[in-house]
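# I need the structure of the sequence given here:
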Amino acid sequence: MRTVAFSAVVLVAGIACAMAADPTGDWRVADGVANIRVAECNGHMWGAVAWEKTPGGRDINNPDVSKQSRPTLAMPILIAMKKKPAVDQWEGQVYNAKDGQMYATTIKPVGADQMEIQGCVLGFLCGGETWTRVSGPIPSSPTNSMAKGAPKGTGAPARTAVQPVPAAAPKTTGAVGPAPKAGQKQAAGQPGDIGDICLLPDIARFAH
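The predicted model follows:
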């Protein structure tokens, strides 16, 4: 019995560690105005706006005038995040819709339900915040398994869509974060789920 109990403890600890190092899923930003869905797309982590507290947002601060009318829902935020060797951190770029600028950034899961995001401008003026998990992790497809540091396969597997985790659905696949708070449900007329972010045009053209 002691052996069985010890094995169970080791198994639970192993699962907790695996989840702690997984940045995929939906995350509530620090000020609560949006959820960011993070998924692995062909060897990198990408993040896109999956939910907005106030629907109908537009990318009005983008320096590219042609993009100022695009919806902020489903807009890429974390850009081509690459895993750093030997540590559970990913580095790449983050797009800040508040000023329309891109920043060098690092994401790091902390425990099972928080993630730290740090960004800098030209190596200085650094700042960061902590995001809170609301759903996930998201199971990876064979095509996208490289983002977590797994070795590349010998063949070229067919594209299999990442199974999305609905923002307002019951917890699935190891989800440990809290459900959305009362008063923050999806607003009427706004899409309930953006699905597999790897298929979004603004991500697919870079990630595939």
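# in this structure, where is pLDDT below threshold?
1-20, 122-125, 141-192, 207-208 (pLDDT under 70).
# swap the cut-off to 80 and go again
1-20, 120-126, 136, 140-193, 206-208 (pLDDT under 80).
# in it, which spans are strands?
25-28, 34-41, 44-52, 76-83, 90-96, 101-110, 114-121, 124-135 (DSSP state E).
# now render those as TSV, adding distance to residue 198.
C-beta here means a position set from N, CA and C on the backbone, and glycine is covered the same way. Below are the strands of the chain laid out as TSV (distance: least, Cβ to Cβ, whole Å):
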stretch	distance to residue 198
strand 25-28	14
strand 34-41	4
strand 44-52	7
strand 76-83	11
strand 90-96	15
strand 101-110	17
strand 114-121	19
strand 124-135	17
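# of all those, which lies closest to residue 199?
Between residue 199 and these, the tightest spacing by Cβ to Cβ is seen for strand 34-41, at 9.0 Å.
# okay, now the sheet partners of that closest one, with direction.
Here strand 34-41 has these sheet partners by DSSP bridges: strand 25-28 (antiparallel), strand 44-52 (antiparallel).
# would you mind writing the CA trace of the shortest one as CSV?
As requested, C-alpha coordinates have been extracted for strand 25-28 and formatted as CSV (Å, rounded to 0.1, in the frame of the first residue of the first chain):
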residue,chain,number,x,y,z
GLY,A,25,-4.4,27.7,-23.1
ASP,A,26,-6.4,30.8,-22.4
TRP,A,27,-5.0,33.5,-20.0
ARG,A,28,-6.6,36.5,-18.4
